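[1] can you look at this prediction? I've put the sequence above it.
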Amino acid sequence: MSSPLHFIHTSGALLTGHISSNFSYAFLCALSRVMALILLSFFIVFLLPPTNAQGDPPSPGYYPSSRVASLGFNQGFRTLWGPQNQRIEQGSLTVWLDRSSGSGFKSLNRYRSGYFGAAVKLQPGYTAGVITSFYLSNNEDYPGYHDEIDIEFLGTTTDKPYTLQTNVYMRGSGDGNIVGREMKFHLWFDPTKDFHNYAILWSPNEIIFFVDDVPIRRYPRKSDATFPLRPMWVYGSIWDASSWATEEGKYKADYQYQPFVGRYNNFKLGGCTTNGAATCRSISASPAGPSGLSSKQYAAMAWVQRNYKVYDYCADPSRDHTHTPEC
């Protein structure tokens, strides 16, 4: 079978042979090249299979989730609020938000550091104003003055993707005076189609957020004042945050679409508890050592941030960066 290039050259030659001899040889050669380019473009556009312009992220080369055993819900957590809007089946958890309530859960232990993760599947369709979350906090220990490390899925309208918000703050109240350190992303997949793994690795040196073992954000400890150091519990919840969750509160939760459902399984709690051995060390985020990432992990993180990061508090000109000296 003749190759596409052979066809292109043959077509150009036939065309050349039928052009009036009044044309110059140079013009014939130029026309032949144009014909070849047109046919080659047709071959590329219409005959080659389509490809994803961005595709999946580069392989991180290291998978910290594989170093932490999976748990069923009851092995590591308990219901915190909204028990009527919560269902546990074979170690998996379903929570939902309706007009009456949302629902939340909390780890059985408090941790000094560790790897904390869950597989989550989100509600499709209109979910504006709704937040589905997985996070660390010590709000119950230090009300009005607590630390928090967040993974929050910000609900959306039917024509726009979910936003995954990561946040770190310390000694905040959550009453509007908090200094958040938000970095927001869209995802390279549809999080409503299937379960995907989301995780926080919190060590004395850094905080790293992972999606399917791909690091999407690294927050290093640059000073004690800008890093959460006090022990925290692990939480998850679904709740109505209409005042700010979707486009700064432009779109609210609409309960004609209730219930809004979040599903969790494959829980991972690979941490050092407050009552555990003092020699306990959390797992490393990478094969590079106790802190930092490997070159492959940095490359994967750079790809995600280049293609899917939609907000970075350090790059926000409206922020007062005297409150975020790490920027």
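    Yep, it's here.

[2] quick one: the helices in this structure?
    Per DSSP state H, the chain carries helices over the ranges 4-18, 25-42, 73-76, 295-308.

[3] tell me the phi and psi of S291?
    Note on S291: its backbone torsions stand at phi -150, psi 160 [degrees, to the nearest 10].

[4] OK, contacts around it?
    When contacts are counted by C-beta atoms under 8 Å, 6 or more residues apart in numbering, S291 touches S203, N205, E206, P220, S284, A285. Every C-beta, even on glycine, is put in place using the N, C-alpha and C of the backbone.

[5] F195 is in contact with F189, correct?
    No: if you go by C-beta atoms under 8 Å, F189 and F195 don't touch, sitting 11.0 Å apart.

[6] between those two, which one's more packed in?
    Neighbours were counted for F189 and for F195 using other C-beta atoms under 10 Å; F195 has more, 16 against 12.

[7] excluding sequence neighbours, find me the nearest residue to the more buried one.
    A119 (4.0 Å; C-beta to C-beta, 6 or more residues apart in numbering).

[8] number of residues surrounding the residue lying closest to P58 once chain neighbours are set aside?
    Once flanking residues are discounted, P58 sits nearest to A300: 4.8 Å by C-beta to C-beta, 6+ apart. A300 has 23 neighbouring residues, counting by other C-beta under 10 Å.

[9] surely A300 meets S59?
    Yes: between A300 and S59 there is a contact at 7.0 Å, judged by C-beta under 8 Å.

[10] shaky segments in the stretch 51-200 of the chain?
    The model of the stretch 51-200 of the chain has pLDDT under 70 over residues 51-54, 173-177.

[11] can you give me the strands in it?
    Taking DSSP state E, counting those that start in this stretch, the strands of the stretch 51-200 of the chain run over residues 77-81, 86-89, 92-97, 103-121, 130-137, 146-154, 163-172, 183-185, 196-202.

[12] relative to D190, how far out is T156?
    12 Å (C-beta to C-beta, to the nearest Å).

[13] ugh, wrong one, I meant L93
    For L93, the distance to D190 - C-beta to C-beta - is 21 Å.

[14] I283 touches F116, doesn't it?
    No: judged on C-beta under 8 Å, I283 makes no contact with F116 at a distance of 11.0 Å.

[15] give me the distance from stretch 261-276 to the chain's centre.
    Centroid separation for stretch 261-276 versus its chain: 18 Å, with C-alpha atoms, centre = their mean, to the nearest Å.

[16] same check, this time on stretch 78-90
    Chain-centre distance of stretch 78-90: 25 Å, with C-alpha atoms, centre = their mean.

[17] so for stretch 225-244, mean pLDDT?
    On average, the pLDDT along stretch 225-244 is 96.

[18] what sits against the nearest residue to L269 once chain neighbours are set aside?
    Excluding the flanking residues, the one nearest L269 by C-beta to C-beta, 6+ apart is G76, at 4.7 Å. Taking C-beta under 8 Å, 6+ apart as the criterion, G76 is in contact with S107, L108, N109, V234, F267, L269.

[19] could you rerun that using 6 Å?
    Residues near G76 by C-beta atoms under 6 Å, 6 or more residues apart in numbering: S107, F267, L269.

[20] TSV for these, including distance to K184?
    Output for those, formatted as TSV (distance: C-beta to C-beta, whole Å):
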residue	distance to K184
S107	25
F267	24
L269	26
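
[21] which among those residues gets closest to P161?
    Using C-beta to C-beta, F267 comes nearest to P161 of these, at 25.3 Å.

[22] how close does that closest one get to G236?
    Taking C-beta to C-beta, one finds F267 at 9 Å from G236.
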